[in-house]
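In: Show me the folded form of this:
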Amino acid sequence: MRDVEVYYFGDGRLQDGPGAGHHLWAPSSGHVGWAPPEARRRLPWTLAELDGRLAGDPALADRRDQRHWASRDQPEGIVRLHRRDGWTAISFWDRSGDGRYSSSSTFVAAGERGAREMVELFRRRFPAIWERITRRFELVLPVEAPRLEPAPRLRFEVPAIRVAAEERLEIGDVAEAEEPTEAVPRRLAVGGERRTR
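Out: Numbering: from 1, shown residues only. Reported below is the predicted structural model:
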């Protein structure tokens, strides 16, 4: 898993106090280091999206909406899973490094992944940030539907029915639950001859 391209957007501080601020970070010996400039160009999300828009309720993504800033709408640790253009992101409100509201953490990895796999990558690649966050709260993962494998294709042969050109094969309206009436008789056609039951 070391070769997976991963980034962290959030506060780079390893403990409360003055520090790094919200930026795009790359793993660096268990800590964080500045992500290379070309990383931003590869990601399918803008910095504005990484900076809080992915963390909250999608209905409140407009930062001009005052509800976006209300504490009751920013519970820490509720993970939102996003996929776009071959990348996966998990994002959640996080005030473990920066105590202000609208502070969030977003972890991004190349490839399409589930929330549990993303958390495991996050824990392994950014252990100091992971420890800072999990000292404050537990992450609540989204419920994901299991990925279904396509069913194997079944191959079978159906015997052909041959009908001579002068014969007519008709399948009538037959309803087993109903008794036939004069208006709707049960019909059975065999060899061009129509019979009523």
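In: can you count the residues close to residue 138?
Out: Other residues within reach of residue 138, judged by other CB atoms under 10 Å, total 9. Placement of C-beta: from N, CA and C, glycine included.
In: Now do it against residue 98, distance only.
Out: 19 Å (CB to CB, to the nearest Å).
In: Same check on residue 135?
Out: 15 Å.
In: who has more neighbours, these two?
Out: The neighbour comparison of residue 135 against residue 98 (other CB under 10 Å) goes to residue 98, with 20 against 9.
In: contacting residues for the more buried one?
Out: By CB atoms under 8 Å, 6 or more residues apart in numbering, the contact set of residue 98 is 11, 13, 21-22.
In: helix/strand/coil for it?
Out: coil (DSSP: H, G, I helix; E, B strand; the rest coil).
In: what's the distance between it and residue 4?
Out: Remark: distance between residue 98 and residue 4 (CB to CB) = 27 Å.
In: again with residue 10
Out: Residue 10 is 19 Å from residue 4, by CB to CB.
In: Can you find the helix or strand in the protein with the smallest mean pLDDT?
Out: strand 187-190 (a mean of 49; mean pLDDT, DSSP states H and E).
In: Model confidence for the nearest residue to residue 141 once chain neighbours are set aside, exactly?
Out: In space, and not counting its chain neighbours, residue 141 is closest to residue 115: 4.5 Å by CB to CB, 6 or more residues apart in numbering. Reported pLDDT at residue 115 in the predicted model: 94.
In: Which residues are in contact with residue 115?
Out: Residue 115 touches 79, 81, 90, 141-142, 144, counting by CB under 8 Å, 6+ apart.
In: make it 10 Å
Out: By CB atoms under 10 Å, 6 or more residues apart in numbering, the residues touching residue 115 are 79-81, 88, 90, 139-144.
In: what stretches of the protein score poorly on pLDDT?
Out: 1-2, 14-20, 29-32, 57-72, 145-148, 155-197 (pLDDT under 70).
In: again, only this time at 90
Out: 1-3, 11-23, 25-37, 40, 47-48, 51-53, 55-75, 95-103, 142-197 (pLDDT under 90).
In: any idea where the strands of it begin and end?
Out: Using DSSP state E, the strands of the chain run over 6-11, 22-28, 31-34, 80-84, 87-93, 104-110, 187-190, 193-196.
In: if you compare these, which one is most tucked away?
Out: Of the strands of the chain, the one with the most neighbours on average (mean count of other CB atoms under 10 Å) is strand 6-11, at a mean of 26.
In: just the angle between that one and strand 104-110, please?
Out: 170 degrees (axes from the mean of the first three to the mean of the last three CA atoms, to 10 degrees).
In: Who are the packing partners of strand 6-11?
Out: strand 22-28, strand 31-34, helix 37-42, strand 87-93, strand 104-110, helix 115-125, helix 127-136 (3 or more CB pairs under 10 Å, 6 or more residues apart in numbering; DSSP states H and E).
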